[in-house]
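Whatever this is, show me its structure:
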Amino acid sequence: MYRFFVFVSLFLIVLSGCSPKELPEISIIPRPYKYWVTEGSTRIDNNSKIIYDAQDTAVGVLAEWLAMALNSRTTLRLQAVPLSGVKSVGNDIVLMSNLNDSLFGHEGYFLGHNNRKTIIIQANDAHGIFYGIQSLLQLLPPAPPETTALPDHLNFPAISIQDKPRFAYRGMHLDVARHFFPVEFIKQYIDLLSLYKFNYFHWHLTEDQGWRIEIKAFPKLTEVGSVRKETLVGKGGNPERLYDGQAYGGFYTQEEVREVVAYAQSKFITIIPEIEMPGHAMAALAAYPQLGCTGGPYEVATRWGVFEDVYCTTDEVFQFQELVLSEVIELFPGPYIHIGGDEVPKTRWKVCPHCQRRIKSEGLKDEHELQSYFIRRVSAFLASKGKKLIGWDEILEGGLAKDATVMSWRGMSGGIEAARMGHDVIMTPGSHCYFDHYQHDPATEPLAIGGLTTLSKVYSFEPVPEELNQQEAKHILGAQANVWTEYLPTPAHVTYMILPRMAAIAEVLWTPAEKKDWTGFYDRLPWHFQYYDSRGLNYSKAVDKPMVKKKSAADGGYWHFVHSEIPDAIIHYTVDGAQPDSTSPLMPDSLLVEEAAELKIFVRRKRSKTE
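Residues are numbered from 1 along each chain as shown. Here you go, the predicted model:
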């Protein structure tokens, strides 16, 4: 039998004993911590095997998954083989989770080739093995064209990688309350998260416009609260506020939730459910009016925005929340429960006798402290169940609940304040992390909520503020991108808004800040565009389109300003109707164009340093 420890020693020799050179860019996103190229390649064919330790069932599952992934791209029929059944090793792939190296934690990995041309992925545990496999797969073409015969072997370049994530929390969010998405799409969304090595999925399940999770103790939450009678059309900017007149609804049964949770776990992703409170509660109040300050009647919201009706602060409301959260806790085994806590108008509380009595009996100063009391009480309940509370940065108002984690969305200031108080923080500022914003000129893009967050702007994000000292900065767990769906009614619209911006935030969260490089990231995008194409995913190519802004000139005509995200871009233009090319004039910082003239743009990359 081939001894397991031999693989380890061979692999470490490759990393420390060869004389590799640093590679230029490879296709992997997020960019690995460190990688080299050595001579030759490894051929995987029908004589190859995927070998794993027979005693490690978790890695055995991953070996089967890798075999399936490689077989689907070739005519190969690779098999996963437990190590105890292997007598010799040739051009194989070996997965080993016995690294025992604290430097790489539980998510880092080594990927390399030993002298027998065997590909080895080695990590401390299955998490690292999984991420190593994701990197390995990105070294192959995404998929052969439909007109091309499948290959009968694979050649992996001889690349050695040492990799680990920068942040422990790498998250993506999806709002399914404004618009509902089926389980099949949620799984596809999770697949994309796993491709880019995210480890948290924030599932926004309740809102004014719909309650999307079955709660057996309160069946009306889905019988009534999951359906709105109609939906506002477009932005609703006209005074008539046009509605579509169509009932809209949907929810996940608890069995479906368990299915999604299990699927995410198979991809090493933890799901954080969000159950909104004390605001954004119209759907719940429509189902159970006694939970509000006025007693209703209420209806599931048909338009977007913030509503004055919120949960009251009676004992019945807290009993309701505890029963709801008890069922949620049973469904989601992860450490966190998100309770929202954002955008809570105090209008009803100021005149509600129940809330005013609560303020007096608890010795609170005002309604802001009443909100803090609400959050603290829920936090204490979650703690009694072994869970940690996460809330948006409004939970800072009136005093922060003990051990609460803050998601800072109104800029970075809330996160800075919380970190200085010793609380953990997840940065998610709207300026860089809201993927419901436009990616390009709104006139040429699908409807979005507003704002402009380009791919390069996402890539430029730095989650750790300079204002924090070294000790305070340790409380920045990572960051998250948010996908609010007021104006994203279909899966295709969602994927258009997240791809490729998801890849950019993934690199922000995984790759050391000093190793980030916009030019290198841009050069790696073609592989990922091919990947999206191979899976029929709708995505944005706005990064390749120049952004033209114009401003009226005092003496007539328009000043034009042109920007391109393409690295080392050289911009040519014409105004005479001709199609510009590399011989056309270069675009200045600003150009005055007559009103009747048409500005046309041609963008190319610089050919040399001297150009």
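
Am I right that residue 443 is in a strand?
No. With DSSP: H, G, I helix; E, B strand; the rest coil as the criterion, residue 443 is assigned helix and is not in a strand.

Residue 548 versus that one, what's the distance?
10 Å (Cβ to Cβ, to the nearest Å). (Glycine included, C-beta is placed from N, CA and C.)

So which of these two has more stuff around it?
For residue 443 versus residue 548, neighbours defined as other Cβ atoms under 10 Å are more numerous around residue 548 (15 against 6).

quick one: that one is in a strand?
Yes. Assessed by three-state DSSP, residue 548 belongs to a strand.

what's around the residue nearest to it when sequence neighbours are not counted, how many residues?
Leaving aside its sequence neighbours, residue 548 sits nearest to residue 562 (Cβ to Cβ, 6 or more residues apart in numbering; 5.3 Å). Other residues near residue 562 number 20, with proximity taken as other Cβ under 10 Å.

And for residue 282?
So residue 282, with other Cβ under 10 Å, has 26 neighbours.

so what's it up against?
Shown in contact with residue 282 (Cβ atoms under 8 Å, 6 or more residues apart in numbering): 208-209, 298-301, 307, 309.

can you check residue 453 too?
Applying Cβ under 8 Å, 6+ apart, the residues contacting residue 453 are 431-432, 434-435, 437-439, 501.

So which of those residues sit within strands?
Among the contacts of residue 453, DSSP state E puts 437-438 in strands.

any idea how far residue 530 is from residue 28?
Applying Cβ to Cβ, the value for residue 28 to residue 530 is 14 Å.

Comparing those two, which shows the higher neighbour count?
More neighbours surround residue 28 than the other of residue 28 and residue 530, with 23 against 15 (other Cβ under 10 Å).

wait, is the more buried one part of a strand?
No. Counting by three-state DSSP, residue 28 is not part of a strand but coil.

from what I can see it touches residue 133, true?
No. Residue 28 is beyond contact range of residue 133, at 11.9 Å (criterion: Cβ atoms under 8 Å).

Might you report the residue contacts of the nearest residue to residue 56 once chain neighbours are set aside?
The shortest distance from residue 56 to any non-neighbouring residue, by Cβ to Cβ, 6+ apart, is to residue 97 (5.5 Å). Taking Cβ under 8 Å, 6+ apart, we find residue 97 in contact with 53, 56, 58-59, 122-126, 128-129.

Was I right to think residue 545 contacts residue 443?
No. Using Cβ under 8 Å, residue 545 is not in contact with residue 443, being 11.9 Å away.

could I get stretch 546-565 in CSV with only the CA atoms?
C-alpha atoms of stretch 546-565 as CSV (Å, rounded to 0.1, in the frame of the first residue of the first chain):
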residue,chain,number,x,y,z
PRO,A,546,-16.8,53.7,-22.1
MET,A,547,-18.8,56.0,-19.8
VAL,A,548,-19.7,59.3,-21.5
LYS,A,549,-21.0,62.2,-19.4
LYS,A,550,-22.0,65.5,-20.9
LYS,A,551,-22.7,68.9,-19.5
SER,A,552,-24.3,71.9,-21.2
ALA,A,553,-21.9,74.6,-22.3
ALA,A,554,-22.7,78.3,-21.6
ASP,A,555,-22.3,79.2,-25.2
GLY,A,556,-24.2,76.2,-26.6
GLY,A,557,-23.3,72.6,-27.3
TYR,A,558,-22.1,70.2,-24.7
TRP,A,559,-18.9,69.4,-22.8
HIS,A,560,-18.2,65.7,-23.0
PHE,A,561,-16.2,63.7,-20.4
VAL,A,562,-15.2,60.1,-21.2
HIS,A,563,-14.0,57.5,-18.8
SER,A,564,-13.0,53.8,-19.4
GLU,A,565,-12.5,51.1,-16.9
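
For that stretch, buried residues please.
546, 557-558, 560, 562, 564-565 (16 or more other Cβ atoms under 10 Å).

What of stretch 360-374?
For stretch 360-374, by 16+ other Cβ under 10 Å, it's 364, 367-374.

now swap in stretch 517-526 and tell me
For stretch 517-526, by 16+ other Cβ under 10 Å, it's 520-522, 524-525.

Stretch 257-271 too?
Per 16+ other Cβ under 10 Å, stretch 257-271 contains these buried residues: 257, 260-261, 263-264, 267-271.

Now do the strands in the stretch 151-300 of the chain.
Ranges of strands in the stretch 151-300 of the chain, per DSSP state E, counting those that start in this stretch, are 154-163, 169-175, 200-204, 206-207, 210-211, 227-228, 248-249, 270-277.

Just name the most buried of the ones you listed.
strand 210-211 (a mean of 29; mean count of other Cβ atoms under 10 Å).
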